[in-house]
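1. one predicted model, sequence on top.
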Amino acid sequence: MILFPNCKINLGLNILRKRTDGYHDIETVFYPVPFHDILEIIPASDARFAFSTSGLKIPDDMGKNLCVRAYRLLSSDFLIPEVKMHLHKVIPMGAGLGGGSSDGAFTLLLLNHLFNLELNEGTLMDYARKLGSDCPFFIRNQPAFASGRGDLFEPSPVSLTGWNLALVFPGIHAGTSEAYAMITPKLPSRSLKKLVTDPVSGWKGWVTNDFETVMIREYPVIGQIRDQLYNQGAAFAAMTGSGSAVFGLFRESPVIANLPPGCFTSSCIL
């Protein structure tokens, strides 16, 4: 059985406060994007678990891979057989696109269907939360306002249907903990939940990502990419997540040019 785990972008991201458990309270809006990895799982005819990959190279440590962890999470609670699992990786890692989280969540969805576990959406989200804060988003896979550690979700009415999306990844892999260490938490002056319901043309300067300023200071190329997207007609452009991918929203199909060398680019219609 094959599924196609998609990625997401963050429409704004505010770091509100440091928590007593060492994490941060945040608010952001996750929006699903039709740019996919490919995940196949079949029962193992030789009763031996196997995990293989192709496409973009991923770390060899199977114990940390979210697909493998998702399988082990369910197999510890249910009598499911050993499987052969193959992941073809297309979504860049360390980009703020949530590709790894999506792979883990889609593994739960696929195993639930393949072995008739009959787990409902809420239960699947609880399992996904054990894999990572943003993993539950991909179970429902609809626009959502996220709060808490980024693991509490409520539906968002924001719609970007018909907008053209350009994604640019400069290949910078900055760790999330590194990015958080550079942030001074603060409360926003306006509610992000309401801001994203305004027309996209009014988002610039209001729908902001607290990681963006510090990441641009450390890696100026991120700001150059964002500015180039605006120069080429984006109604809104921003870094997603803790970076370093940048997205632009265009009314017409974009022709992205004059980017720094070595950038990965992709575009689609939302």
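-> Perfect, thanks for sending it.
2. ok, R69 - contacts?
-> With contact taken as Cβ atoms under 8 Å, 6 or more residues apart in numbering, R69 is in contact with 63, 104, 131. To be clear about C-beta, it is placed using only N, CA and C from the backbone, and glycine gets the same treatment.
3. which among those end up buried?
-> 104, 131 (16 or more other Cβ atoms under 10 Å).
4. what about the closest residue to I172 other than its chain neighbours, how many neighbours?
-> Among residues not flanking I172 along the chain, S244 sits closest, at 3.9 Å (Cβ to Cβ, 6 or more residues apart in numbering). Number of residues near S244 (other Cβ atoms under 10 Å) recorded here: 28.
5. strands of this structure, start to end?
-> 2-3, 6-18, 24-36, 38-43, 50-55, 83-89, 144-147, 152-155, 164-169, 236-239, 246-250, 264-269 (DSSP state E).
6. show me the protein divided up by domain.
-> Segmentation of the chain into domains, based on automatic domain parsing, reads 2-155, 164-269.
7. how about these in a markdown table, adding mean pLDDT?
-> Formatted as a markdown table, these follow (pLDDT from 0 to 100):
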| stretch | mean pLDDT |
| --- | --- |
| domain 2-155 | 95 |
| domain 164-269 | 92 |
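8. report the central residue of the chain.
-> Closest to where the C-alpha atoms of the chain average out (Cα atoms, centre = their mean) is G98, at 2.3 Å.
9. ok, it touching K8?
-> Yes: taking Cβ atoms under 8 Å as the definition, G98 is a contact partner of K8 at 4.6 Å.
10. shared neighbours of the two, which are they?
-> 30, 134, 137-138.
11. cross the residues you listed against helices and list the overlap.
-> With helices taken from DSSP state H, the overlap with those comprises 137-138.
12. and which of the shared contacts of G98 and K8 is nearest to Q224?
-> F30 (25.8 Å; Cβ to Cβ).
13. wait, that closest one sits on A144?
-> Yes: look at F30 against A144 with Cβ under 8 Å: they come within range, at 5.1 Å.
14. measure the residue in the chain sticking out farthest from the centre to G63 for me?
-> In the chain, D46 marks the outermost C-alpha relative to the chain mean, sitting 34.6 Å out by Cα atoms, centre = their mean. With the distance defined as Cβ to Cβ, to the nearest Å, D46 ends up 22 Å from G63.
15. again, but for L3
-> L3 sits 23 Å away from G63, going by Cβ to Cβ.
16. likewise I9?
-> 29 Å.
17. could you pull out the helices for the stretch 51-200 of the chain?
-> 66-75, 99-114, 121-131, 137-140, 176-181, 192-195 (DSSP state H, counting those that start in this stretch).
18. tilt between the second one and strand 83-89?
-> Just to be clear, that refers to helix 99-114. If you take axes from the mean of the first three to the mean of the last three Cα atoms, to 10 degrees, helix 99-114 sits at 150 degrees to strand 83-89.
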